[in-house]
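In: Kindly return the folded structure for what I paste below:
(chains A and B)
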Amino acid sequence: MKYDFTVGDKKWQDRWEAEHAFEAKDDHTLPKFYGLIEFPYPSGAGLHVGHIKAFISMEVLSRKRRMQGYNVLFPIGFDAFGLNTENYAIKTKTHPRIVTDRNIANFTRQLKSVGYSFDWSRVVDTTDEDYYKWTQWIFLKMFEHGLVFRDKTLVNYCPSCKVVLSNEDSQGGKCDICHSDVVQKSKEVWYLRITEYADKLLSGLDLVDYPANIKQQQINWIGKSTGAFVNFELDGIEEKLRIYTTRPDTLFGVTFMVIAPEHPIIDKYADKIANMDEVKAYREACAKKTEFERTQLQKDKTGVKIDGLTAINPLSGKKIPVYIADYVMMGYGTGAIMAVPAHDERDYEFAKKFGIDIIEVIKGGDISKEAYTGDGEMINSDFLNGYDNKKDSIARVIEVLTERGIGEGGVTYKMKDWAFNRQRYWGEPIPIVHCPHCGMVPVPYDELPLRLPEVEDFEPGEGGESPLAKVESFVNCKCPKCGGDAKRETDTMPQWAGSSWYFLRYCDPKNESAFAGMDALKYWMPVDWYNGGMEHVTRHMIYSRFWYRFLYDLGEVPYIEPYMKRSAVGLVLGSDGQKMSKSLGNVVDPLDIVSAYGADTLRTYVCFMGDYGVASPWSDTGVKGAKRFLDRVAGLTELVHGKGVTPALESSFHKTIKKVSADIEELKFNTAIAALMTLLNEIYDNGSLTRDELLTFVKLLCPFAPHISEEIAETLGEKSLLSLAAWPEHDEAKTVDATVELALQVNGKLRGTLTVDKNASKEDVLSLAKADARVLSQTEGKTIVKEIYVPGRIVNIVVK
RNA sequence: GCGGGUAUGGCGGAAUUGGCAGACGCGUCGGUCUUAGGAACCGAUGGGAGACCGUGCAGGUUCGACCCCUGUUACCCGCACCA
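Out: This is a model prediction of the structure:
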């Protein structure tokens, strides 16, 4: 048989759709499997080959699970709000709704042409008002529970996109969307209090099966540290200077204090500061730098001593100077530190530069040369002298600090609260009304969704305000609380909002009275397996775990963590080994492969190209190899004779069933396909196989290459869909060969092989081995000192 | 700087986790069939005439090391003056 993909692919795709083959069933008594892929952003560029690889793992697994009798939820949706669509809409003067609909239609057509077994009856579109109604609903619940607040701070602002970015969206000082330089701007913006969930997000990691590196990355991102808060008295000032330290044991070694340039205490006590001009100048110089630039210049410490502020060491009573320096960040801890130059490299460098005292409090280093950050015996530390630092002195200090009311133990996090806003059109409107009498008032739940108004002009305002601000009919409203004139919030939510809960909507996508019904949630949640890119490990995953955990605390979802298992997909690189990019001209369009070779070839090649979790380069000739393999599979139809079992192939079939089944579970698709290739070669060597064997073969192939597998099954007389047929089971006893080939070694060097009965005794094997000519030639005239026999593997004769 | 990872033929990658290194595929070479082949099929393919040598490099443990240990180099990915 020859398979014509130009006809067959469509034929089977149509039939799957007509028979609703891949739609999840409402029968909640069946064993379930919920496989999730990161839903795509429907860009105008269409499907990328990276999407193909990203989706193929859960595709293969879901197809196998269905054949194993599971009720499978393998959904697809579109994360369609976002700046790219909006910028395109502005450029082409087309409404983003139209652009989005067009792109989704295109993605849908393309995804279907690859034969993905998504449940198309549950498609979720984050820009659909029936969806974002619930995004707004969850936001209001957070507002209600004090997790939403507004704050005026320095924000990362992209002058090109005219939008405020979160820290996550502006890493390296570049805008995540357009890659222009981010500037610092003072603005009042919305925040979600994600830091309140820091500990829950940390402890939740113990309950889930993520790879160690992913867990580690999330742990680092949250960045919990334990230490102490200490309040330093300021000479002649009522207020105390509060600092955070992880090393309260070194308190007696404090010789100066440093505060961040933005620290509020400067303005508050400006009249006490003698050199205010100098301090101001320094502060302005720092403000001009972005946080990125500040960290880049970490080599050289700069700072200014504040004349007029003197701190008092709460334990020793010594007076110590206070500096302002940009190596201390306002955003971490309290924005102020106690400096212990003897035992901190940064403080040491600063102290050397400014000629400040260095007091050693831990023995073990040479502080005349460098800071000593190791452990040792405490010295020069009054009641701590003689203690081992860290071990018990930290606990002792915290005890004393607490007793005397000068401080207490505490924790801090690197993670900051989530800047939750965009001043753009194409996002979920934040459902809050600003009332001159009542303040911030939430839009009542029964008025959701708060729809995006129709506007003519999607351009953001010059002051960086949202296009919604120009729509008077939207802005002007009545306060839901007092009925007086009020103004609507005009910011929209960031793109991460819609993707923070989409996996819940899939469970019950048409529900009108809740984001999803509890029955459906109890059955489908948690997600059994979530596959996606490493770039989403610290943003999307942490955000969505936060939203989910919040809903759990409200009793709205049934399990404590949303994703039971997570795995990562590796990039598809260009054939030159570099990241695919238009400028390098190494981009592969998956639809070109589909039209030239068929969907099965694309799918099989992507599975076969390498380790799924690792980046691997594209190879055009490799694609042809996949095509050749599938053509050879089709050729098997010519070799079919009779039914039942071919004795010469039986063991190979059982081994292959075992291997393919196990490899799919570990996403080792390359070796699964290699095993099918090996079996194929054996069948060709054998010259024939039975109908039943070919059926088994195409069942194993079906998750990878479903169209051709269905077609072959049909030629064998199968009437129902192969995609829903029972997955083959192997018989362990039949995977064991009657004879085994052992490696023959002398002194660990390979000298040949030996074929023996699988049940042969140790004595028999050893005597056979010692009698072997190739062994004899090495052992002759020497003394055998050791004989090693590992059944099924190796014989090693050690001689002297 | 800190944390995590990787290193195997001409290429992508295998190796039951300490037991025949290079499965499978690509490429290459030779052949068959062809007017032709950049199609298909068959055969060979780590290096070396050979004894032997080969998993980034140098050691170590072991009967036996791609795998474990020590040191080292290169590259990749996170985080980065985090107090």
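
In: The residue nearest to A:A705 when sequence neighbours are not counted: which element?
Out: For A:A705, ignoring the flanking residues on the chain, the nearest one in space by CB to CB, 6 or more residues apart in numbering is A:D600 at 3.6 Å. Placement of C-beta: from N, CA and C, glycine included. Following DSSP states H and E, one finds A:D600 within helix A:599-608.

In: Extract the CA atoms of that helix and return them as CSV.
Out: Written as CSV, here are the backbone C-alpha positions of helix A:599-608 (Å, rounded to 0.1, in the frame of the first residue of the first chain):
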residue,chain,number,x,y,z
ALA,A,599,1.3,15.6,9.0
ASP,A,600,2.6,12.2,10.2
THR,A,601,6.1,12.9,8.8
LEU,A,602,6.2,16.3,10.7
ARG,A,603,5.0,14.6,13.9
THR,A,604,7.2,11.6,13.7
TYR,A,605,10.3,13.7,12.9
VAL,A,606,9.7,16.1,15.7
CYS,A,607,9.4,13.2,18.1
PHE,A,608,12.4,11.5,16.7
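
In: I'd like to know which elements it is packed against.
Out: helix A:5-18, helix A:49-67, helix A:590-597, helix A:620-635, helix A:669-686, helix A:706-715 (3 or more CB pairs under 8 Å, 6 or more residues apart in numbering; DSSP states H and E).

In: any chance of those helices in JSON lines, plus mean pLDDT?
Out: Written out in JSON lines, the entries for those read as follows (pLDDT from 0 to 100):
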{"stretch": "helix A:5-18", "mean pLDDT": "96"}
{"stretch": "helix A:49-67", "mean pLDDT": "96"}
{"stretch": "helix A:590-597", "mean pLDDT": "95"}
{"stretch": "helix A:620-635", "mean pLDDT": "94"}
{"stretch": "helix A:669-686", "mean pLDDT": "95"}
{"stretch": "helix A:706-715", "mean pLDDT": "97"}
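
In: Looking at those, spot the one closest to A:A395.
Out: Within those, the stretch nearest A:A395 is helix A:49-67; the backing value is 47.8 Å (CB to CB).

In: Just to be sure, A:V798 is in a strand?
Out: Yes: according to DSSP: H, G, I helix; E, B strand; the rest coil, A:V798 belongs to a strand.

In: Show me the shaky parts of chain A.
Out: When residues are selected by pLDDT under 70, those of chain A lie in A:154, A:166-174, A:177, A:289-299, A:391, A:463.

In: One more pass at 80, please.
Out: Within chain A, the stretches with pLDDT under 80 are A:152-187, A:287-300, A:389-391, A:457, A:459-465, A:773-774, A:777-781, A:800.

In: Provide a list of residues in contact with the residue sitting nearest the centre point of it.
Out: Per CA atoms, centre = their mean, the C-alpha nearest to the average position across chain A is that of A:V537, at 1.9 Å. With CB atoms under 8 Å, 6 or more residues apart in numbering as the criterion, the residues that contact A:V537 are A:I214, A:Q217, A:Q218, A:A568.

In: switch to 10 Å and redo it
Out: Contact analysis of A:V537 by CB atoms under 10 Å, 6 or more residues apart in numbering lists A:Y210, A:P211, A:N213, A:I214, A:K215, A:Q216, A:Q217, A:Q218, A:W221, A:R566, A:A568.

In: Among the residues you listed, which are located in strands?
Out: Counting by DSSP state E, the contacts of A:V537 place A:R566, A:A568 in strands.

In: State the distance from A:K481 to A:V441.
Out: Here the distance between A:K481 and A:V441 works out to 5 Å (CB to CB, to the nearest Å).

In: Of these two, give the one with the bigger neighbour count.
Out: Here A:K481 and A:V441 are set side by side on neighbour count (other CB atoms under 10 Å), and the busier one is A:V441, at 18 against 15.

In: and the helix or strand hosting that one, what does it pack onto?
Out: Secondary structure here is read from DSSP H and E; on that basis A:V441 sits in strand A:439-442. For strand A:439-442, the packing partners by 3 or more CB pairs under 10 Å, 6 or more residues apart in numbering; DSSP states H and E come out as helix A:129-144, strand A:148-158, strand A:432-435.
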